[in-house]
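Undergrad: Give me a 3D structure for the following:
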Amino acid sequence: MSEKKKYVLVGSGGRAEFFYSAIATDYKETSELLAFCDTNQTRMNYANKLLVERYNYHAVRTYKAEQFDEMIAAEKPDAVIVTSVDRTHHTYIIRAMELGCDVVTEKPMTVDERKCQEILDTVERTGRNVRVTFNYRYAPHHTKARELIEDGVIGQVTSVHFEWLLNTQHGADYFRRWHRDKRNSGGLLVHKSTHHFDLVNFWIGSEPDTVFAMGDLLFYGKENAEQRGVTKFYDRATGNPNAKDDPFALHLDKNEHLKAMYLDAEQEDGYRRDQSVFGDGINIEDTMGVMVRYKNNAILTYSLNAYLPWEGYRIAFNGTKGRLEMAIVEQSYVNSGGDKALEGALKNKTITVFPMFAAPYEVEVEEGVGGHGGGDPVLLNDIFGVPLQDRYKRAANHIDGARSILTGIAANRSIRTGQPVKIDELVKFY
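TA: Next up, the predicted model:
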């Protein structure tokens, strides 16, 4: 058997467990975790506790953020897994490559065009590899849409209408956490929509050219709540009587996992995971509309709302030979609040083809097992296991990561300026 590939992981919060649990269980024969790196020692200690008690693995060494270089020198990993706050992704991606490591990074790859350019420059300079973990590409129904389009079932795609709904459980969660500050996350058009814009690039085999967008904060935030007649406010939910009956409140002391990961770790960095979604200090949008022209002349109309009664999305592809529609209802969830296999899990799905001169028909798709519509297990095998031949080329690199976020970054600029934005004016690709 070939030698195990060695990893270290930076950022031991909610998303980290997805990766380290896979190494500790299904991929322990091919991969090895050596160390955690984080700003918060309590959180790293809890991750080690989970490794030992939940996954029957051994505890790994821990390093504080300022010891990143020391960790790379001591552990000599093949690759660094980056699951830190979005605004710090570029720091660790770039430094890891400079120190001779490849990178596996959670999406979004970064949050603005300057940081994106720095990553692209470093890949060119060092020759290292960056993988961006777009698990939605691997969901069987998304792969089937790619297959149908690639096989010419609806001809040349001319336009796409894409509506994504985040509900009052999952959508609200972005407004409790560090994501509520656009400096940290790039807003939902970068942090969340990177998945969706990547899927469109993947499905139609093209890349964005021109972007125009509008967006606003119309539901969350204190001012909006006041206009609806709300009179009881609170800064954070845990322990506050005003939050007792609020369906938007997250009580960290009521969930053992969230308590250990966040509430018990607060004394180190002051990070509060349970802020009020109707508080001040929120500067990201909850209501967004985007238009994109692609290099192949296809046009995307895209809608994202973060306060709706159900979770899921509807997509329609119009082509020169017909139309393809996909309707998906997903399981609602709170990050780290329960079984991670429920994250983006399917509740219902339909794919329907409407040929131009024939009767419509529904397309059968195999049921995927696991989170993100069954995409998570396939992605994990692609990263940590023995990758299979893939007709659809679902593995995403730094170019894919850049093209997905640049649509959102351009949309953010368009919202600020009221003007369309050309992608080629944001960064230089090599």
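Undergrad: Find the least confident helix or strand in the protein, judged by mean pLDDT.
TA: One helix or strand of the chain scores below all others by mean pLDDT, DSSP states H and E: helix 371-384, with a mean of 86.
Undergrad: ok, residue 148 to residue 353 distance?
TA: 7 Å (Cβ to Cβ, to the nearest Å). Glycine gets a C-beta too; all of them are placed from N, C-alpha and C.
Undergrad: what's the overlap in contacts for the two?
TA: Shared contacts of residue 148 and residue 353, defined by Cβ atoms under 8 Å, 6 or more residues apart in numbering, are found at 154, 324, 363.
Undergrad: Out of the residues you listed, which end up buried?
TA: Neighbour counting by 16 or more other Cβ atoms under 10 Å classes 154, 324, 363 among the shared contacts of residue 148 and residue 353 as buried.
Undergrad: of these, closest to residue 67?
TA: residue 324 (50.4 Å; Cβ to Cβ).
Undergrad: can you tell me which helix in this protein is longest?
TA: Ordering each helix of the chain by length in residues (DSSP state H) puts helix 398-417 first.
Undergrad: Which strands or helices does it pack on?
TA: Under the contact criterion of 3 or more Cβ pairs under 8 Å, 6 or more residues apart in numbering; DSSP states H and E, helix 398-417 touches helix 113-126, strand 130-132, helix 188-191, helix 193-204, strand 208-216, strand 287-294, strand 421-422.
Undergrad: pLDDT averaged over the last one - what is it?
TA: Averaging pLDDT along strand 421-422 gives 98.
Undergrad: Would you state the helices of the stretch 201-350 of the chain in chain order?
TA: 222-227, 256-261, 266-269 (DSSP state H, counting those that start in this stretch).
Undergrad: can you redo the ones you listed as TSV with mean neighbour count?
TA: Converted to TSV, the helices of the stretch 201-350 of the chain look like this (neighbours: other Cβ atoms under 10 Å):
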stretch	mean neighbour count
helix 222-227	14
helix 256-261	18
helix 266-269	12
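Undergrad: Which one of those helices lies nearest to residue 138?
TA: Of all the helices of the stretch 201-350 of the chain, helix 256-261 comes closest under Cβ to Cβ, at 25.7 Å.
Undergrad: what sits up against that closest one?
TA: Under Cβ under 8 Å, 6+ apart, the answer for helix 256-261 is 13-14, 43, 46, 49, 250, 252-253, 273, 336-337.
Undergrad: Take those residues and write them to TSV, including pLDDT.
TA: Below are the contacts of helix 256-261 laid out as TSV (pLDDT from 0 to 100):
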residue	pLDDT
13	94
14	90
43	98
46	98
49	98
250	97
252	97
253	96
273	96
336	61
337	57
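Undergrad: Farthest pair within the residues you listed?
TA: 49 and 250 (22.0 Å).
Undergrad: rewinding a little: for the helices of the stretch 201-350 of the chain, please prepare JSON lines with the additional fields distance to residue 295 and mean pLDDT.
TA: Listed next are the helices of the stretch 201-350 of the chain as JSON lines, based on distance: least, Cβ to Cβ, whole Å; pLDDT from 0 to 100:
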{"stretch": "helix 222-227", "distance to residue 295": "38", "mean pLDDT": "97"}
{"stretch": "helix 256-261", "distance to residue 295": "42", "mean pLDDT": "96"}
{"stretch": "helix 266-269", "distance to residue 295": "43", "mean pLDDT": "95"}
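Undergrad: Many thanks, I have nothing further to ask.
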